[in-house]
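A.B. asks: here is my input, please return the structure:
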Amino acid sequence: MYNPYYKISNKILKNLNRVSAAHNLIVNAPLIPKWEAKLRKEAMIRSAHFSTSIEGNKLTLEEVKAVFEGKTVYARPRDKQEVLNYKKVLEFINKEPELTIETIKKINKINLEKIDEKNGGKFREVQNYVIREKAGKREIIYTPPKSSEVPKLMQDLVLWIENAIKKEVSPIIIAAISHYELVSIHPFIDGNGRTARALATLILYKLGYDTKRLFSLEEYYDQDLASYYSALQSGQKDRGKKEELTFWLEYFSEGIANELTRIEKQILDISRDKMLKEKVGQLELNQRQIKAVAYLQKKGKITNKEYQKLFPKLNRKTLARDLKELADKKLIKMKGEKKGVYYEINI
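C.D. replies: I've put the predicted structure just below:
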């Protein structure tokens, strides 16, 4: 039976506390429905981009957004298909399927649709390797277990997840270890990383950390791939012995803490505070107007020139219209005359 070894270090505890605080704020934030849906869509796009980018996909974030929207993108067909597949994976885990071997296989199968139909969703029957290319040379950095061991190892992993849930182990710890162990088993011919990352996200969803589906852990990994792989390999080097997963858990929990803290800040910028919501209700504002309100709440006032500095690429007519709409909605009020005109928050 799978029995991972780790210690709950002070760093892990600190990260878990950060996650809990940010999570509570996010789920209780008075987000306007229109913006909640927008942020959720942005999170899906970022997840698809960064999770496939980790595996070598060349599409930019803007190109991934265009693929999501059905627009024409001139790029390698496989790159576009990988993105579309990961979008389907995210839609699949949004339904919160049960945490079973069949679900894991389904995630992999979707990831490999129209790419490798023969092997997608099936445990490998050959030995595979994790290879790194450096200075034009390829070297094996990790050898996964034998293919004959895969079914039993995956069964043990799913059983461990079930028992960890019953024992009320932190969802963050369960997601982190599941991610690590699936990548370490490397049960599929291809798509193991994407499958592991999707599984970790599904576990967070199932165990109460869906956080309105606004987060994307993949971006954290992609920002520093060397650290991501180093954290994974910190345990893999002792595979079959007494694997020490503490460093991986520190890395993983810090990633979630950083991502939720980022969302928390974004929500605080986008959602008016409770007093503002109670006074004006839920108003639909564009992204620039929301940023202007956040600026006013922090600085107290704003001039046309200051507003233009926030959005240097937009013309003056559009910016003037933004401010007029805010004034018409009585969110801000104009003060001063002619060149001395400025705006204050109207609450």
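
A.B. asks: by contact count, what packs against the longest helix along the chain?
C.D. replies: Assignment by DSSP state H gives helix 246-270 as the longest helix of the chain. In terms of contacts (3 or more C-beta pairs under 8 Å, 6 or more residues apart in numbering; DSSP states H and E), helix 246-270 is packed against helix 10-28, helix 33-54, helix 171-185, helix 218-223, helix 225-236, helix 287-299. Every residue, glycine included, has its C-beta placed from N, CA and C.

A.B. asks: which is the next helix or strand following the third one?
C.D. replies: Pointing back at helix 171-185 there. helix 192-206 (DSSP states H and E).

A.B. asks: ok now that next one, how far from the chain's centre?
C.D. replies: 10 Å (C-alpha atoms, centre = their mean, to the nearest Å).

A.B. asks: and if you look at stretch 108-119?
C.D. replies: 23 Å.

A.B. asks: re earlier: the longest helix of the chain vs helix 287-299, what angle?
C.D. replies: Using axes from the mean of the first three to the mean of the last three C-alpha atoms, to 10 degrees, the direction of helix 246-270 lies 90 degrees away from that of helix 287-299.

A.B. asks: now the residue most central in space within the chain: phi and psi?
C.D. replies: The chain has Ser216 as the residue nearest its centroid, 0.7 Å off, counting by C-alpha atoms, centre = their mean. With angles defined as degrees, to the nearest 10, Ser216 sits at phi -140, psi 100.

A.B. asks: wait, it touches Ser47, no?
C.D. replies: Yes - under the criterion of C-beta atoms under 8 Å, Ser216 makes contact with Ser47 at 4.3 Å.

A.B. asks: please identify the buried residues of stretch 29-40?
C.D. replies: Ala29, Leu31, Ile32, Trp35, Glu36, Leu39, Arg40 (16 or more other C-beta atoms under 10 Å).

A.B. asks: just for this protein, where's the confidence low?
C.D. replies: 32, 240-242, 269-285, 287, 347 (pLDDT under 70).

A.B. asks: could I have the CA atoms of stretch 244-263 written out in CSV?
C.D. replies: The C-alpha trace of stretch 244-263 is given here as CSV (Å, rounded to 0.1, in the frame of the first residue of the first chain):
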residue,chain,number,x,y,z
GLU,A,244,11.1,12.5,1.4
LEU,A,245,8.2,14.7,0.0
THR,A,246,8.5,17.6,2.4
PHE,A,247,10.3,19.8,-0.1
TRP,A,248,7.7,19.1,-2.8
LEU,A,249,4.9,19.9,-0.4
GLU,A,250,6.6,23.2,0.5
TYR,A,251,6.9,24.0,-3.2
PHE,A,252,3.3,23.0,-4.0
SER,A,253,1.6,24.7,-1.1
GLU,A,254,3.6,27.9,-1.8
GLY,A,255,2.3,27.8,-5.4
ILE,A,256,-1.3,27.6,-4.3
ALA,A,257,-0.8,30.3,-1.6
ASN,A,258,0.8,32.6,-4.2
GLU,A,259,-1.9,32.0,-6.8
LEU,A,260,-4.8,32.5,-4.3
THR,A,261,-3.2,35.6,-2.9
ARG,A,262,-3.0,36.9,-6.5
ILE,A,263,-6.7,36.2,-7.0
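
A.B. asks: what's that stretch in contact with?
C.D. replies: The contact list for stretch 244-263, computed with C-beta atoms under 8 Å, 6 or more residues apart in numbering, reads 4-7, 9, 11-12, 15-16, 18-19, 22-23, 26, 39, 172-173, 175-177, 179-180, 204, 211, 214-217, 219-221, 227-228, 231-232, 234-235, 238.
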